[in-house]
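S.K.: no sequence for this one, just the structure:
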């Protein structure tokens, strides 16, 4: 199995197993990585590789379409939460320069009669690729299942009931995103493929990338190259989880840099799954994460309020 270099690696199979000692070992490994670096690579994550590869291929086909065709799936005023978001529209919160990327997003789909059925916008279906949404739906559900195991382990590490996150993520506002970084055709004025940033959500699960470029910068360290290869996935802490844990778990700055000039002609596609809770989740810092050495860092806020604030900061919402 190919590993991911630059960050710790853990085996989710340990946690899923019936061996309590292996489960406890995984919890400590994951908690240590998230408290020290904020990033980890995970093997035996349970996400079917044929499903991932199929989604990669369909995403390549979508992004290869002409701009007029893709633009039909961009929702004006939709804050980029469903369908297509055009090149250069999203930027880091500290910058007004658009990242060198375009993307397509799929969101939560709930059964008829679910209490949150009216809360989320409907997904946008690509007429030319009828299989795209069905494959996205299956991959979304696989990511949700894997992410739930990870959050269960995090809850145990924090001394919480292992099902602490269950009610917050059931029917949550998670996003599956296909990102396309096109070939660079001229000298960029000041932008890179994705400027340094932290993710908004609880955790992000990133599956593969068709080219190098991901870098992370833990506190007190220089940039570290992360090569997302093979069938491992990269997992990182988002700002919501950092806020909930009063900085006990680290939401680490990361970016996607441009390739060397001789490789400008190469494109890059990546598939992150941003695991969000329901909008009514209380992000007040956990009492067990507040101490004299680590006093309260954040004011009370809900997940929905925080998401709205951050979408405005990165230019997706007016």
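M.R.: That came through, no problem. Please read all numbers here as calculations on a predicted model, not as lab measurements.
S.K.: go ahead and confirm residue 28 touches residue 153.
M.R.: No - assessed by Cβ atoms under 8 Å, residue 28 is found out of contact with residue 153, at 9.4 Å. C-betas here are computed from N, CA, C, even on glycine.
S.K.: who's more crowded, the two?
M.R.: Shown here are residue 28 and residue 153; by other Cβ atoms under 10 Å, residue 153 has more neighbours (24 against 13).
S.K.: what about that one, which helix or strand?
M.R.: According to DSSP states H and E, residue 153 maps onto helix 130-157.
S.K.: which secondary structure elements does whatever helix or strand comes next after that helix contact?
M.R.: Sequence order places helix 166-169 as the next helix or strand after helix 130-157, per DSSP H and E. Judged by 3 or more Cβ pairs under 8 Å, 6 or more residues apart in numbering; DSSP states H and E, the packing partners of helix 166-169 are helix 130-157.
S.K.: which of the residues in the helix it packs on are buried?
M.R.: Residues of helix 130-157 classed as buried by neighbour count (16 or more other Cβ atoms under 10 Å): 132-133, 135-136, 139-140, 142-144, 146-157.
S.K.: can you tell me the SS state at residue 205?
M.R.: strand (DSSP: H, G, I helix; E, B strand; the rest coil).
S.K.: list the contacts for the residue lying closest to it once chain neighbours are set aside?
M.R.: Among residues not flanking residue 205 along the chain, residue 273 sits closest, at 4.4 Å (Cβ to Cβ, 6 or more residues apart in numbering). By Cβ atoms under 8 Å, 6 or more residues apart in numbering, residue 273 lies in contact with 140, 143, 147, 174-177, 204-207.
S.K.: output those in a markdown table; the columns should cover pLDDT.
M.R.: What follows is these, written out as a markdown table (pLDDT from 0 to 100):
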| residue | pLDDT |
| --- | --- |
| 140 | 97 |
| 143 | 97 |
| 147 | 97 |
| 174 | 97 |
| 175 | 96 |
| 176 | 97 |
| 177 | 96 |
| 204 | 96 |
| 205 | 96 |
| 206 | 91 |
| 207 | 81 |
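S.K.: tell me which other helices or strands the helix holding residue 153 touches.
M.R.: helix 12-16, helix 20-36, helix 49-63, strand 102-107, helix 166-169, strand 175-181, strand 203-209, strand 268-275.
S.K.: again, 7 Å this time
M.R.: On a contact count with 3 or more Cβ pairs under 7 Å, 6 or more residues apart in numbering; DSSP states H and E, helix 130-157 meets helix 12-16, helix 20-36, helix 49-63, strand 175-181, strand 203-209, strand 268-275.
S.K.: go through the ones you listed and find the least confident stretch.
M.R.: When the helices and strands packed on helix 130-157 are compared by mean pLDDT, strand 203-209 comes last with a mean of 83.
S.K.: that one to strand 268-275, inter-axis angle?
M.R.: With axes from the mean of the first three to the mean of the last three Cα atoms, to 10 degrees as the basis, strand 203-209 and strand 268-275 are set at 160 degrees to each other.
S.K.: residue boundaries of the strands in the stretch 201-318 of the chain?
M.R.: 203-209, 214-217, 224-225, 233-237, 253-256, 268-275 (DSSP state E, counting those that start in this stretch).
S.K.: out of those strands, which gets nearest to residue 38?
M.R.: Minimum separation from residue 38 across the strands of the stretch 201-318 of the chain (Cβ to Cβ) falls at strand 233-237, 4.6 Å.
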